[in-house]
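Asker: show me how the following folds:
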Amino acid sequence: MPDKGHTDGRLPESTKSYWRDSVDEMDFPQLKEDLQVDVVIVGGGITGITTAYLLTNEGFKVALLEANKLLNGTTGHTTAKVTAQHGLIYDEFIRNIGKSKARLYYEANMKALNFIKDTVKEEEIDCELIQQDAYLYATTEKYANKLENETKAYEKLGIDGEMVDSIPFNIDIKKGLVMKNQAQFHPLKYLAHLVQEIVDKGGKIFENTPCVNVKTGKHPKVLTRDGASATGNHVIACSHFPFYEGMGLYSARMHADRSYILAVKTKEDYPGGIYVSADDPVRSLRSVRVNGEDMVLVVGESHQTGQGMDTMEHYKALERFSRNVFDVDKIPYRWSAQDLVTQDKVPFIGPITSDQPNIMIATGFRKWGMTNGTVAALLFQSSILGKTNAYHKLFAPSRFSVNPSLKNFFVDNADVVSHLIKGKLEIPNRTVEDLANDEAAVISIKGQRKGAYKDQGGTVHIVDTTCTHVGCEVEWNSGERTWDCPCHGSRFTYTGEVIEGPAEKPLKRHDYQMLENLTSEESGY
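Answerer: Residues are numbered from 1 along each chain as shown. The predicted model follows:
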C-alpha cells in the first residue's frame, strides 16, 4: 500500500539510495573486547575510510568503528560530485574570511579532487570516475548579479572559470559560471576498494559499534554503548556529527540541512557536465548509470531538518521540475541526504578543542563531503605524521570569527530555543483512532505528548517525542517515515531507533527528561 497522500504512482513508494542498492554489502564484526591501537577512527563514511586508508599505508595500527553499517550514512546518500565549486561561496568567503583564506579553501578542495583522481588511477578502481565541467546558473536577475560577483571572485583567486549565457537544458537562465575540469563518480565503488586495502594492510573495522564518549588523556579511550572500548594515541571523530563534543559546543555552532534526490530516466541523452542553480529552491543535475541505463540525478529542496512543510512535497517538487526540463520515462529511485553547516560555512577539521590535540573531528561539510571529507583525511594524515600544513588554521574547529560566526551563533541558537519552546507548548488534538494505515501524528496520551505511527498492517508504534539529545520535540517526516528533530537534526525510525545523531539514545517509550542525557556518564555531551 503506498504512503497516505505520498504519490500518484509516478514516484517510488519508499526511499532507497541507488549507491547503496548497487554494491554488495560488506560485513564486519561488532567490537566486543577492549582494543588498543595507534589510531581510533569513529565513522565509516568517506572521511573515516580515507583516513584509515592513508594511515594504514603509513604503517599505523588503525581501528575504524562504525555505529551501523559502513557507507550507510551521508556518504551513502550523496550526489557524489567531486568538485571545488561549492555553490555561491567564494565571493562570500572573500568578504567574510578574506582572500587568502578563500584561496586556501579552493586549493584544499582541488588537492582533494586530484587525490581522488590519482588514487583511482593508481589503484585501478572501477568507480565510474568521469571528468566534468561544473556549472552554476542563475534564472533571476538578482542571482545573475550574484554570479557576476562570484565570477570576479574567481578572477581574484585564480580559479579556472568563465561566464556562459546558456546551458543545454530547457531552463531559461540569465547567467552561468563554469569551473573547468571537475569530476563525478560512484562513491561506494571507490570506497569499497579503499576498505579492502585497509583490511589487507591489517586495519581493523567494526560495525554496529555505537561510540558514546571519550575518556581523555595521553592515550584517549573511546567508550562504546555496549561496553567495549578502543584506546589509541589519537582519536578521530568522523561520525557526521561529533559523537563526543568535549566542551566544543558543536551542537550550538552548526545546524542540519536536508536535501532530496530523484534518479530520473529520461528519453533524451544527457549533454554532460554537473550543474547547480544559484537561486532558491536549489536544483542540481548530474548523470548516473543505473543498472545499465543512463539516468539523471535531480537534487534540491534544501531545508533545515525537522522544519518546514510535509517532506513528501519536496519529492513532488523535484518531480515537477524533472518533467518540465526532461521527457521523463520513469523515476526508479528517491532518497534524501543530510549534512551539517557551520556558521561561517567552512568545515571544522582538527583538534576538538585547543587543549585536546590528540582528539580530532571532521564535520560541517555543507553537502560537499566528497572533497571536504577527503580534505579532512589528508589533514589528519599530516597531523599524525607531525607535518605542518597550510590548511590547518583555516579549518581549525577552535576558530571563532566575529563576522559571520557571532551573528550566526545567535541566529542558530535562537532558532533552537524557539523550536524547543514551541514543541513543549503545543497541545496535540489527534488520537490513535484518527490514524489511517501508514500515517503518523503527534497525539496526547494521558496528557503527555507522544508520536504515533500506524504501519501498513495497522500496528501502532508509539514513542515519546522528546529528542534524546537536548530535549527538543521531534516532528514526523512523511517522506522517510522518520521522526526528525528541528533543533540539531537527530533522526529516528518510527520505532524510535537512532538513524542520525547527535542523539545517541533511542526515543523513549515513557516520558523523557532532557537532563537524563546531559547528566549520563555514557554520553559525550
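
Asker: CA atoms for contacts and neighbours, from now on please.
Answerer: Noted.

Asker: residues of stretch 68-88 that come out buried?
Answerer: Neighbour counts over stretch 68-88 (16 or more other Cα atoms under 10 Å) mark 68-88 as buried.

Asker: swap that for stretch 457-466, sorry
Answerer: Residues of stretch 457-466 classed as buried by neighbour count (16+ other Cα under 10 Å): Val460, His461, Ile462, Val463, Asp464, Thr465, Thr466.

Asker: alpha carbons only: can I get that stretch in CSV?
Answerer: The C-alpha coordinates for stretch 457-466 follow below in CSV (Å, rounded to 0.1, in the frame of the first residue of the first chain):
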residue,chain,number,x,y,z
GLY,A,457,-0.5,-3.6,8.6
GLY,A,458,-2.4,-1.5,11.1
THR,A,459,0.1,-1.9,14.1
VAL,A,460,0.5,1.3,16.1
HIS,A,461,4.0,2.3,17.2
ILE,A,462,4.2,4.9,20.0
VAL,A,463,7.3,6.9,21.1
ASP,A,464,7.9,9.8,23.3
THR,A,465,8.6,12.8,21.1
THR,A,466,11.3,14.4,23.2
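
Asker: keep only those of the buried residues of stretch 457-466 that are in strands.
Answerer: Taking DSSP state E, the ones among these that sit in strands are Val460, His461, Ile462, Val463, Asp464.

Asker: my read: the third one touches Gln448, true?
Answerer: This means Ile462. No: at 11.8 Å, Ile462 does not count as touching Gln448 under the criterion of Cα atoms under 8 Å.

Asker: let me know the helix or strand that Phe321 is in.
Answerer: Using DSSP states H and E, Phe321 sits within helix 312-325.

Asker: confirm that Leu223 sits in a helix.
Answerer: No: Leu223 is assigned strand when assessed by DSSP: H, G, I helix; E, B strand; the rest coil, not a helix.

Asker: just give me the neighbour total for it.
Answerer: By other Cα atoms under 10 Å, 22 other residues sit near Leu223.

Asker: from Met247, how far off is it?
Answerer: As for Leu223, its distance to Met247 is 17 Å (criterion: Cα to Cα, to the nearest Å).

Asker: what do you get for Asn68?
Answerer: Separation of Asn68 from Met247 (Cα to Cα): 25 Å.

Asker: for Val40, same thing?
Answerer: 20 Å.

Asker: which SS class is Glu107?
Answerer: helix.

Asker: that one: how many residues sit nearby?
Answerer: 17.

Asker: Trp19 too?
Answerer: Look at Trp19: counted by other Cα under 10 Å, it has 20 neighbours.

Asker: packing partners of the helix or strand His193 falls within?
Answerer: His193 is part of helix 187-200, with elements assigned from DSSP H and E. Taking 3 or more Cα pairs under 8 Å, 6 or more residues apart in numbering; DSSP states H and E as contact, the helices and strands that helix 187-200 lies on are helix 18-21, helix 46-57.

Asker: mean pLDDT lowest where, among those helices?
Answerer: Sorting the helices and strands packed on helix 187-200 by mean pLDDT places helix 18-21 lowest, at a mean of 94.

Asker: name the residues that touch that helix?
Answerer: Applying Cα atoms under 8 Å, 6 or more residues apart in numbering, the contact partners of helix 18-21 are Leu71, Asn72, Gly76, His77, His186, Pro187, Leu188, Ala263, Val290, Tyr333.

Asker: buried sites along it?
Answerer: Buried, per 16+ other Cα under 10 Å, within helix 18-21: Tyr18, Trp19, Arg20.

Asker: poorly predicted segments of the stretch 351-500 of the chain, please.
Answerer: Along the stretch 351-500 of the chain, the parts satisfying pLDDT under 70 run over 400-429.

Asker: which helices and strands does the longest strand seen in the chain pack with?
Answerer: Determined from DSSP E, the single longest strand within the chain is strand 328-342. Contact here means 3+ Cα pairs under 8 Å, 6+ apart; on that basis strand 328-342 packs against strand 254-266.

Asker: for the strand it packs on, packing partners?
Answerer: Applying 3+ Cα pairs under 8 Å, 6+ apart, one finds that strand 254-266 contacts strand 293-304, helix 312-325, strand 328-342.

Asker: change it to 10 Å
Answerer: Identification of packing neighbours for strand 254-266 by 3 or more Cα pairs under 10 Å, 6 or more residues apart in numbering; DSSP states H and E yields strand 283-290, strand 293-304, helix 312-325, strand 328-342, helix 407-425.

Asker: return the list of strands paired to that strand, each annotated with direction.
Answerer: Strand 254-266 has its sheet partners listed here by DSSP bridges as strand 293-304 (antiparallel), strand 328-342 (antiparallel).

Asker: after that strand comes which helix or strand?
Answerer: The C-terminal neighbour of strand 254-266 among helices and strands, as given by DSSP H and E, is strand 274-277.

Asker: residues in contact with that next one?
Answerer: Residues outside strand 274-277 that contact it (Cα atoms under 10 Å, 6 or more residues apart in numbering) are 81-83, 85-88, 131-139, 143, 167, 173, 176-179, 182-184, 282-287, 297-300.

Asker: tell me the contacts of the closest residue to Gly496 other than its chain neighbours?
Answerer: Closest residue in space to Gly496, ignoring its immediate chain neighbours: Leu507 at 4.6 Å, by Cα to Cα, 6 or more residues apart in numbering. For Leu507, the contact set (Cα under 10 Å, 6+ apart) comprises 451, 462-469, 474, 483, 491-498.

Asker: ok, Val39 touching Glu58?
Answerer: No: at 11.8 Å, Val39 does not count as touching Glu58 under the criterion of Cα atoms under 10 Å.

Asker: now list whatever residues contact both of the two.
Answerer: Overlap of the contact sets of Val39 and Glu58 (by Cα under 10 Å, 6+ apart) consists of Ala52.

Asker: could you list the low-pLDDT ranges of the stretch 1-150 of the chain?
Answerer: For the stretch 1-150 of the chain, the stretches flagged by pLDDT under 70 are 1-9.

Asker: what about the strands in it?
Answerer: Remark: strands assigned in the stretch 1-150 of the chain by DSSP state E, counting those that start in this stretch are 35-36, 39-42, 62-65, 81-82, 130-138.

Asker: what separation is there between Ala503 and Thr466?
Answerer: 11 Å.

Asker: now the common contact residues for the two.
Answerer: Common neighbours of Ala503 and Thr466 (Cα under 10 Å, 6+ apart) are Cys485.

Asker: point to the residue nearest the middle of this structure.
Answerer: With distances taken as Cα atoms, centre = their mean, the chain has Asp339 as the residue nearest its mean C-alpha position (3.0 Å).

Asker: who's in contact with that residue?
Answerer: Counting by Cα under 10 Å, 6+ apart, Asp339 has contacts 73-75, 78, 240-241, 254-259, 304-305, 363-369, 489.

Asker: show me what it is bridged to.
Answerer: Under DSSP bridges, the beta-bridge partners of Asp339 are Asp257.

Asker: per-residue pLDDT of it, please?
Answerer: Reported pLDDT at Asp339 in the predicted model: 86.

Asker: might you report the residue contacts of His392?
Answerer: His392 neighbours (Cα under 10 Å, 6+ apart): Phe348, Ile349, Gly350, Pro351, Ala376, Leu379, Phe380, Ser382, Ser383.

Asker: look up phi and psi at it.
Answerer: Reported as degrees, to the nearest 10, the phi and psi values for His392 are phi -60, psi -50.

Asker: number the residues from 7 up from this point.
Answerer: Got it, first residue is 7 now, which makes that one His398.

Asker: in stretch 207-223, what counts as buried?
Answerer: Buried-residue list, stretch 207-223, by 16+ other Cα under 10 Å: Gly209, Lys210, Ile211, Phe212, Glu213, Asn214, Thr215, Pro216, Cys217, Val218, Asn219, Val220.

Asker: how close does the closest residue to the third one other than its chain neighbours sit to Phe354?
Answerer: If you skip the residues right next to it in sequence, Ile211 has Leu70 as its closest partner in space, 4.7 Å away by Cα to Cα, 6+ apart. Note on Leu70: its distance to Phe354, by Cα to Cα, is 20 Å.
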